[in-house]
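J.: quick one: sequence plus predicted model below, questions after.
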Amino acid sequence: MQVLNTPTQSTTHLQTQEPFLIFDNLSKVYPTPTGDFVVLDGIDLAIHEGEFVCVIGHSGCGKSTLLDMVAGFRQPTDGEVRLQTLPIQAPGPDRMVVFQNYSLLPWLTAYENIYLGVKSVFPNKPEAAKKHIVMEHLEMVGLADVANKKPSALSGGMKQRVCIARALALRPKVLILDEPFGALDPITREELQEELLTIWRDHQITVLMITHDIDEALFLSDRVVMMTNGPAAKIGEIMQVPFARPRERARMMEDPKFYELRNEALDFLYNRHAHADT
Amino acid sequence: MTAPLDIRPARSRFNLQKLANSSLDSLKGLVPPLVAILIFLIIWQVLTMGPDANLPTPVRTVQDTWELIVNPFFNYGGTDKGLFWQVWTSLQRVALGFTLAAIVGVALGILVGTSSLMYSALDPLFQILRTVPPLAWLPISLAAFQQANPSAIFVIFITAIWPIIINTTEGVRQIPQDYNNVARVLQLSKSQYFFKILFPATVPYIFTGLRIGIGLSWLAIVAAEMLIGGVGIGFFIWDAWNSSRISDIIIAILYVGIVGLLLDRLIVFIGGLVLPEEQKQ
């Protein structure tokens, strides 16, 4: 069991020996009239249980395609993604996705949006238990008092909180986030990043997050996976983020190591793999 | 003079003025259409004033049809009924034909929208049939039903159904991919998907189809009734033409226009009740 608030880095990754989520020579090719278009070319990556991994890269590098194959929306052309040794073939509640755009249904309240998934994934639970799950997760993101508001009455940050609550209410093994805070203002974004870390710690969940914000990736993750530019994108480099947890943004920003990693990532993205060079 | 005396009249004057201003504002909105109608009536009067004019003047029209205007509810049996009953009979036909078209159209539209096989098979057929003028269906429906009333209702049905099908189909096909992804991740059952995602997302498109459909129905019924006879505002117009009661035709056209507008507003109103707040544009 992971212990809360232990300020050592060993609490989070490498707690199980066996890799949890495995990308095995994963490739995605789209046939086009002018020949094959290779989006991803041989992705190999092993993510451990409870690990927080961020994927960064320029737009068009196939990050979203990668995520779609983990979620099960698309099938790889070659290779496979395995979760606990089982190949991923279709979407399932063991891998919940928080989408970039608020994907709440506008005609349902925050409560109903979460309840819809709970009812679908746990059809046999008694009604009271389902209600409890929904309220528990709304409380987790601090939104119990707006349970009966529709998304149009919620701010962008609140909507994304509801999305995270909806995803976690289904007790997934892996939480997949596709640039979840990209549309938020900087202050809300930082708040949500911290909330996400707390939730991740409390739920001991494996997180795969796509972002193009280097600071965000360094603040949140155990490892940052940097993708080369598409077409035929590969993993360019994997960066270990050694900061102790729980992390404190201000303290981390003072650490010279932070700038070292940040410059390394910037160098990777803007010098070695600048957008227009290939 | 004391201060309270000074203030009181000033305050009440202010309130009165505010009240007058707001009612003045709403009256101002009525001025342009009233002026337009007045100009239209003047042009009509001028054009039909000559001794050789074929059409009656507006004043003459009102004089001729005064009985029809003041008493829309008379019923002397047969087709000799007041305008209310004429319109009522037409509305009943429209209600029946349109309701059938709405039920069948929405169901077919959802079926075609959710299945790409159905879409590729049926969409070309719909695109051809929707361009057929309403009255072209009348002979074939008379041949099929052998009776005037079911034929008229069928013409309404077949006229109104195409925009309903096509808009519903479009609505289903326009469901944002995000919502479909949510449904896949949440593993929604078919019925959950239908009631929680597909239907609410499609409702605005369905109402667009219904609104076009009700307009076409009303166009079609007036024309169809001219041919099938009996009671109904369409045949009333045709009958008035045959008896050279031109003023009656003009008054009936006014009725047709107003009822058509009310039908359109009715669909918009129902749409406003049904549509989720977030779906309104």
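T.: Nice, I can see it.
J.: how about the contacts made by B:Val172?
T.: By Cβ atoms under 8 Å, 6 or more residues apart in numbering or on different chains, the residues touching B:Val172 are B:109-110, B:112-114, B:198, B:202, B:205. C-beta: built from backbone N, CA, C; applies to glycine.
J.: mind redoing it with 7 Å?
T.: In this structure, B:Val172 makes contact with B:109-110, B:113-114, B:198, B:202, judged by Cβ atoms under 7 Å, 6 or more residues apart in numbering or on different chains.
J.: which of these lies closest to B:Leu138?
T.: The nearest member of these to B:Leu138, counting by Cβ to Cβ, is B:Gly109 at 24.7 Å.
J.: quick check: which element contains B:Pro200?
T.: Following DSSP states H and E, the helix or strand that holds B:Pro200 is helix B:199-228.
J.: what pLDDT does the model give residue 175?
T.: Went with chain A since none was named. According to the per-residue confidence, A:Leu175 scores 93 in pLDDT.
J.: other chain: chain B
T.: B:Ile175 is assigned a pLDDT of 92 by the prediction.
J.: also the one 10 residues further on?
T.: Predicted confidence (pLDDT) at B:Val185: the value is 87.
J.: same thing with A:Leu154?
T.: A:Leu154 carries a pLDDT score of 91 in this model.
J.: for chain B, see how far away the nearest residue to it once chain neighbours are set aside is.
T.: Distances taken as Cβ to Cβ, 6 or more residues apart in numbering or on different chains place A:Val146 nearest to A:Leu154, at 6.4 Å, with adjacent residues excluded. Taking Cβ to the nearest Cβ, to the nearest Å as the measure, A:Val146 falls 15 Å from chain B.
J.: kindly report the same for A:Pro91.
T.: When Cβ to the nearest Cβ is applied, the distance between A:Pro91 and chain B equals 4 Å.
J.: residues in contact with that residue?
T.: In this structure, A:Pro91 makes contact with A:71-73, B:184-185, judged by Cβ under 7 Å, 6+ apart.
J.: repeat for A:Leu170
T.: If you count contacts by Cβ under 7 Å, 6+ apart, A:Leu170 has them with A:93, A:96, A:117-118, A:121.
J.: same thing with B:Val106?
T.: B:164, B:168, B:206.
J.: same deal with B:Asn167?
T.: B:205-206, B:208-209.
J.: the same query, at a cut-off of 8 Å, please.
T.: Applying Cβ under 8 Å, 6+ apart, one finds that B:Asn167 lies in contact with B:109, B:205-206, B:208-209, B:212.
J.: for B:Asp64, see how far away the residue nearest to B:Leu266 when sequence neighbours are not counted is.
T.: Beyond its immediate neighbours in the sequence, the residue positioned closest to B:Leu266 (Cβ to Cβ, 6+ apart) is B:Ile214, lying 7.7 Å away. When Cβ to Cβ, to the nearest Å is the yardstick, B:Ile214 and B:Asp64 sit 31 Å from each other.
J.: A:Arg262 too?
T.: A:Arg262 sits at a distance of 89 Å from B:Asp64 (criterion: Cβ to Cβ).
J.: if we can go back for a sec, the residue nearest to B:Leu266 and B:Ile267 touch, don't they?
T.: Yes: at 5.3 Å, B:Ile214 counts as touching B:Ile267 under the criterion of Cβ atoms under 8 Å.
J.: of the two, who's got more company?
T.: Of the pair B:Ile214 and B:Ile267, B:Ile214 is the one with more neighbours under other Cβ atoms under 10 Å in any protein chain shown, namely 25 against 20.
J.: what sits against that one?
T.: Applying Cβ under 8 Å, 6+ apart, one finds that B:Ile214 lies in contact with B:94, B:98, B:160, B:263-264, B:266-267.
J.: for it, give me the pLDDT.
T.: In this model, B:Ile214 carries a pLDDT of 95.
J.: stretch B:146-160: how far from the chain's middle?
T.: 18 Å (Cα atoms, centre = their mean, to the nearest Å).
J.: which one is B:Phe74 nearest to, not counting chain neighbours?
T.: In space, B:Phe74 comes closest to B:Gly82 once its chain neighbours are excluded; the distance is 4.3 Å by Cβ to Cβ, 6+ apart.
J.: helix or strand, whichever it is, which one in chain B has the lowest mean pLDDT?
T.: Of all the helices and strands that make up chain B, helix B:3-47 has the lowest average by mean pLDDT, DSSP states H and E, namely a mean of 74.
J.: just the buried ones among the contacts of A:Pro91, please.
T.: For the contacts of A:Pro91, burial is judged from neighbour counts taken by 16 or more other Cβ atoms under 10 Å in any protein chain shown, and it is met by A:71-73, B:184-185.
J.: for those, which one is nearest B:Pro133?
T.: Ranking the buried ones among the contacts of A:Pro91 by separation from B:Pro133, with Cβ to Cβ as the measure, puts B:Arg184 on top at 43.6 Å.
J.: which residue sits closest to that closest one, ignoring its sequence neighbours?
T.: In space, and not counting its chain neighbours, B:Arg184 is closest to A:Pro91: 4.3 Å by Cβ to Cβ, 6+ apart.
J.: sec struct for the one you found, please.
T.: The local conformation at A:Pro91, judged by DSSP: H, G, I helix; E, B strand; the rest coil, is coil.
J.: contacts only, for the residue nearest to A:Ala147 when sequence neighbours are not counted.
T.: Across the structure, with Cβ to Cβ, 6+ apart as the measure, the residue nearest A:Ala147 apart from its sequence neighbours is A:Tyr111 (4.1 Å). With contact set as Cβ under 8 Å, 6+ apart, A:Tyr111 has these partners: A:134-135, A:138, A:147-148.
J.: I'd assumed A:Tyr111 was in a helix, is it?
T.: Yes: read with three-state DSSP, A:Tyr111 is one of the residues of a helix.
J.: thought A:Arg249 was touching A:Phe219?
T.: Yes: if you go by Cβ under 8 Å, A:Arg249 and A:Phe219 touch, sitting 6.2 Å apart.
J.: and those two? Which one has more around it.
T.: In this comparison of A:Arg249 against A:Phe219, neighbours counted by other Cβ under 10 Å, the higher total goes to A:Phe219 at 22 against 13.
J.: just to check, the more buried one is in contact with A:Ala250?
T.: No: taking Cβ under 8 Å as the definition, A:Phe219 is not a contact partner of A:Ala250, at 11.0 Å.
J.: run through the strands of chain A in chain order.
T.: Along chain A, the segments classed as strands by DSSP state E run A:21-32, A:35-47, A:52-56, A:78-83, A:86-87, A:95-98, A:174-178, A:206-210, A:223-227, A:235-240.
J.: make CSV out of those strands and add mean neighbour count.
T.: CSV is the format used below for the strands of chain A (neighbours: other Cβ atoms under 10 Å in any protein chain shown):
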stretch, mean neighbour count
strand A:21-32, 17
strand A:35-47, 17
strand A:52-56, 25
strand A:78-83, 18
strand A:86-87, 12
strand A:95-98, 26
strand A:174-178, 23
strand A:206-210, 24
strand A:223-227, 22
strand A:235-240, 15
